[in-house]
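Asks: Need coordinates for the below:
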Amino acid sequence: MPGSKIKSPIELLVGYQRLLPMMFDNDKTVINLQRILGQYLFNPPNVAGWPGGKNWIDSSSLVIRMRLPESLFGSKELDLSAKETDAEMTEGHRHAVTMDTQPAKAVKMGKVTIDWSNYLAFWRGYKRAELPAAIAAYLLPVKLPAERLKQVTTFADNDSDEEYIKSLTILLMELPEYQLT
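Replies: Numbering: from 1, shown residues only. Now for the predicted structure:
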């Protein structure tokens, strides 16, 4: 059933990459993002893997997930900190894992180069009035109520069709509904 499962951090990051191909100026940014979101690929907390489901969302990770699209695809710089290590995350490791006793250092996103060309070319075939519903249907696993979509649209950049498509996409990706699959 669409919209009934929360995307894992890797599903979220891969989804961003598939939607809008991007290049990071710092190769470690992707690893840092994985750590910040709580799913460092090939480094599960134990032999059972990551817990998943509602465990991907807590008060801090939801805010990060909702602000990440604007940091990646928009103009805002976002200072992020990795999740604190807890006993469950280190249980079962063969090598000693030390617990962080100091607050995690903030991680700067750095420069991200986005290739919007194919995405924009696809949406240019739509009339502006059709774009909000069409992009929402494409990005979100659940239908967004018309009133909510109208609210989101009021914050979109109207300077040009290109900026409108970009900003509308970012705004829709910041919604809690985008966190679902």
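
Asks: May I see the domains of this protein written out as residue ranges?
Replies: Using automatic domain parsing, the domain parsing of the chain gives 9-114, 117-179.

Asks: Which one of those domains lies nearest to residue 3?
Replies: domain 117-179 (3.8 Å; Cβ to Cβ). For every residue, glycine as well, the C-beta is placed using N, CA and C.

Asks: and the end-to-end length of that closest one?
Replies: 25 Å (Cα to Cα, to the nearest Å).

Asks: what is the rounded mean pLDDT of that domain?
Replies: Taken as a whole, domain 117-179 has a mean pLDDT of 96.

Asks: Would you mind giving the domains of the chain as CSV with mean neighbour count and distance to residue 1 added?
Replies: Listed next are the domains of the chain as CSV, based on neighbours: other Cβ atoms under 10 Å; distance: least, Cβ to Cβ, whole Å:
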stretch, mean neighbour count, distance to residue 1
domain 9-114, 14, 14
domain 117-179, 15, 9
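
Asks: Run through the helices of this protein in chain order.
Replies: 9-19, 28-37, 59-73, 87-90, 117-123, 131-139, 146-153, 161-173 (DSSP state H).

Asks: For these, could you give me TSV that also reports distance to residue 109?
Replies: Listed next are those as TSV, based on distance: least, Cβ to Cβ, whole Å:
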stretch	distance to residue 109
helix 9-19	12
helix 28-37	6
helix 59-73	5
helix 87-90	23
helix 117-123	20
helix 131-139	21
helix 146-153	23
helix 161-173	14
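
Asks: out of these, nearest to residue 111?
Replies: Judging the helices of the chain by Cβ to Cβ, what sits closest to residue 111 is helix 28-37, at 9.2 Å.

Asks: how far is that closest one from where the chain is centred?
Replies: Relative to its parent chain, helix 28-37 has a centroid offset of 12 Å by Cα atoms, centre = their mean, to the nearest Å.

Asks: Can you name every helix or strand that that helix contacts?
Replies: Secondary-structure packing of helix 28-37 (3 or more Cβ pairs under 8 Å, 6 or more residues apart in numbering; DSSP states H and E): helix 9-19, helix 59-73, strand 79-81.

Asks: The domains of the chain: which one's closest to residue 2?
Replies: If we rank the domains of the chain by Cβ to Cβ, the stretch that ends up nearest is domain 117-179, at 4.1 Å.

Asks: Any chance of CSV for the domains of the chain, columns distance to residue 2?
Replies: CSV is the format used below for those (distance: least, Cβ to Cβ, whole Å):
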stretch, distance to residue 2
domain 9-114, 14
domain 117-179, 4
